[in-house]
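Pasting the sequence and the predicted model now:
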Amino acid sequence: MTATPSPRAFEVRHVQVARAVFAAIAAVMITFSSDHSAAVGLAVFSGFTLATALVHLAAAWLVYPAGSRWPSVLLGLLCAAAGMAAGIPPWRSTALFFVVVIAWAVLTGLVELIAGIRARRTDGAGIPSRTEARDALVTGAITLVFAVATVLVSPDYSLTYTIDEAGTFELTGTIIAVGVLGFYTAIVAVHLGIAGASPRPKRAPAEATETADDSRAAEQKGADA
């Protein structure tokens, strides 16, 4: 008989909720900021990715068992690298914003997408459940869509317009891209928040092993009789 493994103090839902909180903070900061410049966008992005990196790296040892840690470790390293690059004030420019944000979105989106696909194919003991795999797939897909949306925004775009009794304003590609970042973080916050709060079926790999052993024992007993 196989002993049932003791439950971990931290679970995937805790990781999702933590990521949702940091994404929501980033979304609020961008939404309620009147300045959507590259400097502000990179500052918010840096804080968001560095906080997310800490969550991923902590989860690699506190949540995931050996053999299932590579996505969390890789995501943590990618987020940390992007956050540090965006966190250097003298470097904050329009070009850096587009390069760092797009590169980060493509790489992390692919990692989560691949991890979700692998988890769905190898569901079992020590591997995230199909529900968690689906959540990773959706998050990865959303991040890749965000990357494509940012690529479609031209950094050189500029539109000057006038509103009666309000004045003249300028809409630039940077303002649009920072707005897209805020929209992305808001969507991720909602998705991961719902995923973390949703009830999940209990998984008992040990019980499944015991059932299989009992079935084999019953078959052997019948054969001996």
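In hand now; what should we look at?

Run through the helices of this structure in chain order.
Per DSSP state H, the chain carries helices over the ranges 12-31, 38-62, 70-86, 94-121, 130-151, 173-197, 205-224.

Just put those helices in TSV and tack on mean neighbour count and distance to Thr160.
C-beta coordinates here come from the backbone N, C-alpha and C atoms, glycine included. Shown next, in TSV, are these (neighbours: other CB atoms under 10 Å; distance: least, CB to CB, whole Å):
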stretch	mean neighbour count	distance to Thr160
helix 12-31	20	23
helix 38-62	20	19
helix 70-86	20	28
helix 94-121	19	17
helix 130-151	19	23
helix 173-197	20	12
helix 205-224	11	62
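
Give me the helix or strand of the chain that scores worst on average pLDDT.
Using mean pLDDT, DSSP states H and E, helix 205-224 stands out as the lowest-scoring helix or strand of the chain, at a mean of 44.

Now distance to Tyr161 too, for the helices of the chain, in a markdown table please.
Formatted as a markdown table, those follow (distance: least, CB to CB, whole Å):
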| stretch | distance to Tyr161 |
| --- | --- |
| helix 12-31 | 21 |
| helix 38-62 | 21 |
| helix 70-86 | 30 |
| helix 94-121 | 20 |
| helix 130-151 | 22 |
| helix 173-197 | 12 |
| helix 205-224 | 60 |
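
For Asp164, find the nearest of the ones you listed.
helix 173-197 (21.3 Å; CB to CB).

what does that closest one contact?
The contact list for helix 173-197 (CB atoms under 8 Å, 6 or more residues apart in numbering) reads 13-17, 19-21, 23-24, 26-27, 30-31, 36-38, 40-41, 44-45, 48, 94, 97-98, 101, 135, 138-139, 142-143, 146, 149-150, 153-158.

what's the answer for stretch 11-24, then?
48, 51-52, 55-56, 59, 63, 72, 128, 132, 135, 185-186, 188-193, 195-197, 200.

Let's see that with 6 Å instead.
Outside stretch 11-24, the residues that touch it by CB atoms under 6 Å, 6 or more residues apart in numbering are 48, 51-52, 55, 59, 63, 132, 185, 188-189, 192-193, 195-196.

Likewise for stretch 148-156?
Residues from elsewhere that reach stretch 148-156 (CB under 6 Å, 6+ apart): Thr94, Phe98, Val101, Ile102, Gly173, Ile176, Ala177, Val180.

Please compute how far it lies from its chain's middle.
How far stretch 148-156 lies from its chain's middle: 21 Å, per CA atoms, centre = their mean, to the nearest Å.

and what of stretch 93-101?
Distance of stretch 93-101 from the chain centroid (CA atoms, centre = their mean) equals 20 Å.

and for that stretch, what are the contacting residues?
Identification of contacts with stretch 93-101 by CB under 6 Å, 6+ apart yields Ala38, Gly41, Leu42, Ala82, Ala85, Ala86, Thr150, Pro155, Thr174.

which one of the residues you listed sits closest to Val106?
Thr150 (9.7 Å).

Got the confidence number for that closest one?
As predicted, Thr150 sits at a pLDDT of 97.

Which one of the contacts of stretch 148-156 is nearest to Gly167?
Nearest to Gly167 among the contacts of stretch 148-156, counting by CB to CB, is Ile176 at 19.8 Å.

before we move on, back to that, mind putting the contacts of stretch 11-24 in CSV, distance to Asp164 included?
Shown next, in CSV, are those (distance: CB to CB, whole Å):
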residue, distance to Asp164
Phe48, 37
Ala51, 42
Thr52, 43
Val55, 47
Ala59, 52
Val63, 55
Glu132, 53
Thr185, 33
Val188, 38
Ala189, 36
Leu192, 42
Gly193, 40
Ala195, 45
Gly196, 46
